[in-house]
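Engineer: Need a 3D model of the following:
(chains A and B)
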Amino acid sequence: MDRARVSSILEEIALLLELRGENPFKARAFQNAARTILSLTEDLDALVAASRLGELKGIGKALEEKISTLVTTGSLPYYEDLKREVPPGLLEMIKVPGLGPKRARQVHELLGVDSLAALEYACRENRLASMAGFGEKTQEKILKGIEFLRRNLGRFLLSEATVRGRELLAFLERHADVVRAEIAGSLRRRKEVIGDLDLVASSAAPARVISAFTKMDGVEAILGAGETKAMVRLASGLQVDLRVVDDAAFPFALHYFTGSKAHNIAMRRRAESARYRLRLNEYGLFRGEGEAAPGIPCADEEAIFRELGLPYIAPELREDAGEIEAAERGELPRLIERPDLKGIFHVHSNWSDGRATLEEMVRGAAALGYGYVGLSDHSRSAGYARGLKEPDVLKQRSEIEALRSRVPAIRILHGIESDILADGALDYPDELLRQFDFVIGSVHSGFTMTEEEMTKRVVRAVENPFLTILGHPTGRLLLGREAFRIDLDAVIDAAARSGAAIEINANPHRLDFDPLRARQARASGVLLSINPDAHDVGGLSDVEYGVDTARRAWLTAEDVLNARPWEEIAQIQDRRRAKG
DNA sequence: GCCGTTTTCGGCCCGACTGTTTTCAGTCG
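Structural biologist: Here you go, the predicted model:
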């Protein structure tokens, strides 16, 4: 059983325990373990085999035993028993905003409600409002919450949230009473999908800022508004939270609301430890207890980290996935930045399914300052995308040669995005493949194969010496389509052995590889390539989101294929082709 | 269920907001 599955079972156990009303800290222990397992860079099977699970943070004797059972036998009686005891509908019910484990349990015990549908019916029959601790408003809120879930709103692509976030930030910065403002939350940590958007501002007149914010254009509903905090929903369904604090507290509020929650807990613990004996919250860093406790002034986030003996930790790393320990040891990576990229691969044109000409795409890439651009239209089997037949490839090559003399400002590479066929072969004979400057291999069909078949297929492609980069390795479409079933450990191993690079597809609908897998690939010595998968000139700028993913994966410029000059990449490739 | 520079029991981050309540529980982040 793989890490992701083990982790999600541990998460589910935590929820089941909460629903049973058990010690909440016990539930948290399972949550912590789930996170630890998910962010492992070591091989889980090997850890289990060596009985070394207990060395991991937050995993003691009981959890070690449970995880070992899960990994070695593929099931866990403790989990199966829990599932039998808790009606499955309750897990659905606690996804309703405003309904947590306590009330879900109450509703189940007193009204026999055990599904979303039954919950909705009970609300409509006015049966929740009469329960102790409930009322009209709670019932109404739950009904609205069910509706919200049904519409499947509430989750947005990073790209959409980024655009909206920047507009909202500009609105706040224009407000006369705002001193400082910043995006916080998961958007600042650059997660690929954003649930809600968090903003932090500082002001001497918070009430005026809150008031202006809730009256802003585009606000569809005010979900809550107090002295220092407001929650609104925009017409798009995006929920936006604003917190306004005194300017001296701004860095603390920014740090706190950037999270992640796990990072914050770890930072608080650090502050409280015997070494510092401080108290950290969203208002400051304090010595001693009580409201009169003297605060330690910090002008910015860097100062907070400094007071706690740490260098600045970038928001993208704040997941309590080892960043604090690495910072402590002075081993934080110098995270890759957009200007580190020397060129880009994976650019489509109107020769296949792109919307712009080769020349427009090339000039677009040159305008963004890249030294080389790798053009790669679809290959012959990609009928849906007007893939290039062999004669088209030759025609395209002569057009590219002409383009090279017209646009000398950038090196133009002729590549292909070759379909990986069902048996794992690439889409052209070797003689043709060898004539491309580079080859991206991607799966575009046959998503429903078994895991075993798909793994065999992709591993064979990765072992092909003509494949330069494995494109969008899981096929997922965020908020759209699940990844296909594949053993990514095996794919990463194959890439490490054969020297193929793996793509971080920067298209905001894909962002595939995800950070955990990219980090794992890097640990295995695989180079990652941050590719726009652009179908128009605007799409070239999506590289930004790929860089975000790479940073969340702890990647430095050294770990990224296209942060290297083309000559070096060509050498790597020549060596592989010679061996094949 | 985990963990230990006041330790092997008794804690585990903590504040804001809401709705239901006359002092607080539940939820959220």
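Engineer: Can you tell me the closest non-neighbouring residue to the residue of the stretch 1-150 of chain A found nearest DNA strand B?
Structural biologist: Using C-beta to the nearest atom of the strand, the single residue of the stretch 1-150 of chain A nearest to DNA strand B is residue A:135, 1.8 Å away. Heads up, the C-betas are built off the backbone N, CA and C, glycines and all. Ranked by C-beta to C-beta, 6 or more residues apart in numbering and with sequence neighbours excluded, the top spatial neighbour of residue A:135 is residue A:129, at 5.7 Å.
Engineer: Hmm, the one you found is touching residue A:136, no?
Structural biologist: Yes - the pair residue A:129 / residue A:136 is scored as a contact, 5.1 Å apart, by C-beta atoms under 8 Å.
Engineer: And the helices in the stretch 401-550 of chain A, which stretches?
Structural biologist: In the stretch 401-550 of chain A, the helices defined using DSSP state H, counting those that start in this stretch lie at A:430-433, A:451-463, A:488-498, A:515-523, A:543-552.
Engineer: list the buried ones in the last one?
Structural biologist: It refers to helix A:543-552. Neighbour-count burial for helix A:543-552, counted by 16 or more other C-beta atoms under 10 Å, picks out A:543-552.
Engineer: mind listing what residue A:528 touches?
Structural biologist: Taking C-beta atoms under 8 Å, 6 or more residues apart in numbering, we find residue A:528 in contact with A:501-504, A:513, A:518, A:521-522, A:550, A:553, A:555, A:559-561.
Engineer: Bridged to it, which residues?
Structural biologist: Beta-bridge partners of residue A:528, counted by DSSP bridges, are residue A:502, residue A:560.
Engineer: Low-confidence stretches in the stretch 51-200 of chain A?
Structural biologist: When residues are selected by pLDDT under 70, those of the stretch 51-200 of chain A lie in A:151-154.
Engineer: contact partners of stretch A:197-206?
Structural biologist: With contact meaning C-beta under 8 Å, 6+ apart, stretch A:197-206 is reached by A:161, A:164-165, A:168-169, A:172, A:177-188, A:209, A:227-228, A:238-247, A:249-250, A:253-254, A:257-258.
Engineer: is DNA strand B contacted by it?
Structural biologist: Yes - residues of stretch A:197-206 contacting DNA strand B under C-beta under 7 Å from any atom of the strand: residue A:198.
Engineer: now stretch A:280-295
Structural biologist: Yes - Stretch A:280-295 lies within reach of DNA strand B by C-beta under 7 Å from any atom of the strand, at A:281-283.
Engineer: Put the buried members of the residues you listed into a PyMOL selection.
Structural biologist: Applying 16+ other C-beta under 10 Å to the residues of stretch A:280-295 next to DNA strand B, the buried members can be selected in PyMOL as follows:
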select buried, chain A and resi 282
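Engineer: Just give me the closest of the residues of stretch A:280-295 next to DNA strand B to DNA strand B.
Structural biologist: Taking C-beta to the nearest atom of the strand as the measure, DNA strand B lies nearest residue A:281 of these, at 4.7 Å.
Engineer: Give me the distance between the closest one and residue A:304.
Structural biologist: Applying C-beta to C-beta, to the nearest Å, the value for residue A:281 to residue A:304 is 11 Å.
Engineer: Equivalent analysis for residue A:485, please.
Structural biologist: For residue A:485, the distance to residue A:304 - C-beta to C-beta - is 43 Å.
Engineer: So for those two, which sits in the more crowded spot?
Structural biologist: Applying other C-beta atoms under 10 Å to residue A:485 and residue A:304 shows that residue A:304 carries more neighbours, namely 23 against 16.
Engineer: who's sitting farthest from the centroid in chain A?
Structural biologist: Going by C-alpha atoms, centre = their mean, the residue of chain A most distant from its centre is residue A:130, 41.9 Å out.
Engineer: which SS class is that one?
Structural biologist: Taking DSSP: H, G, I helix; E, B strand; the rest coil as the rule, one finds residue A:130 in the coil state.
Engineer: Excluding residues flanking it in the chain, which one is nearest the residue in the stretch 301-450 of chain A that DNA strand B sits nearest to?
Structural biologist: For the stretch 301-450 of chain A and DNA strand B, the shortest gap (C-beta to the nearest atom of the strand) falls at residue A:320, measuring 10.7 Å. Residue nearest to residue A:320 in three dimensions, not counting chain neighbours: residue A:262, with 3.7 Å by C-beta to C-beta, 6+ apart.
Engineer: confidence score at residue A:384?
Structural biologist: Residue A:384 carries a pLDDT score of 71 in this model.
Engineer: give me the residue from the stretch 201-350 of chain A nearest DNA strand B.
Structural biologist: Closest to DNA strand B within the stretch 201-350 of chain A is residue A:226: 2.5 Å, counting by C-beta to the nearest atom of the strand.
Engineer: need the contact list for that residue.
Structural biologist: For residue A:226, the contact set (C-beta under 8 Å, 6+ apart) comprises residue A:210.
Engineer: Please enumerate the strands of the stretch 51-200 of chain A.
Structural biologist: A:156-157, A:178-184, A:193-194, A:196-203 (DSSP state E, counting those that start in this stretch).
Engineer: and the first one, how far from the chain's centre?
Structural biologist: So the one you mean is strand A:156-157. 11 Å (C-alpha atoms, centre = their mean, to the nearest Å).
Engineer: From the rest of the structure, what touches it?
Structural biologist: For strand A:156-157, using C-beta under 8 Å, 6+ apart, the contacting residues are A:164, A:192-195, A:236, A:238, A:478-479, A:508-509.
Engineer: and which of the residues you listed is nearest residue A:89?
Structural biologist: residue A:195 (22.5 Å; C-beta to C-beta).
Engineer: thought residue A:382 was touching residue A:444?
Structural biologist: Yes - using C-beta under 8 Å, residue A:382 is in contact with residue A:444, at 5.9 Å.
Engineer: Around DNA strand B, which positions in the stretch 1-150 of chain A sit nearby?
Structural biologist: For the stretch 1-150 of chain A, the contact set with DNA strand B under C-beta under 7 Å from any atom of the strand comprises A:23, A:25-26, A:28-30, A:33, A:57-64, A:94, A:96-104, A:129, A:132-139, A:141.
Engineer: Which ones among these lie within helices?
Structural biologist: Those of these mapping onto helices are A:25-26, A:28-30, A:33, A:61-64, A:101-104, A:136-139, A:141, per DSSP state H.
Engineer: Going through those residues, which ones are buried?
Structural biologist: Applying 16+ other C-beta under 10 Å to these flags A:29-30, A:33, A:63-64, A:101, A:103-104, A:138-139, A:141 as buried.
Engineer: thinking again about what came up before, find the residues that touch each one of residue A:382 and residue A:444.
Structural biologist: Both residue A:382 and residue A:444 are contacted by residue A:419, under the criterion C-beta under 8 Å, 6+ apart.
Engineer: List the contacts of stretch A:106-125.
Structural biologist: Stretch A:106-125 has contacts (C-beta under 8 Å, 6+ apart) with A:87, A:89-90, A:92-93, A:96, A:99, A:127-128, A:131, A:133, A:139, A:142-143, A:146, A:149.
Engineer: Check stretch A:518-525 too.
Structural biologist: Contacts of stretch A:518-525 (C-beta under 8 Å, 6+ apart): A:41, A:488-489, A:492-493, A:495-496, A:502, A:504, A:513, A:528, A:549-550, A:553-555, A:559.
Engineer: Let's test this: mean pLDDT of that stretch, rounded?
Structural biologist: Across stretch A:518-525, the per-residue pLDDT values average to 96.
Engineer: Alpha carbons only: can I get that stretch in PDB?
Structural biologist: Included here for stretch A:518-525 are C-alpha records, laid out as PDB according to Å, rounded to 0.1, in the frame of the first residue of the first chain:
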ATOM      1  CA  ALA A 518       8.400  16.200  -7.300                       C
ATOM      2  CA  ARG A 519      10.200  16.300  -3.900                       C
ATOM      3  CA  GLN A 520      10.400  12.500  -4.000                       C
ATOM      4  CA  ALA A 521      11.700  12.600  -7.500                       C
ATOM      5  CA  ARG A 522      14.400  15.100  -6.600                       C
ATOM      6  CA  ALA A 523      15.400  12.900  -3.700                       C
ATOM      7  CA  SER A 524      15.900  10.100  -6.200                       C
ATOM      8  CA  GLY A 525      18.100  12.200  -8.300                       C
END
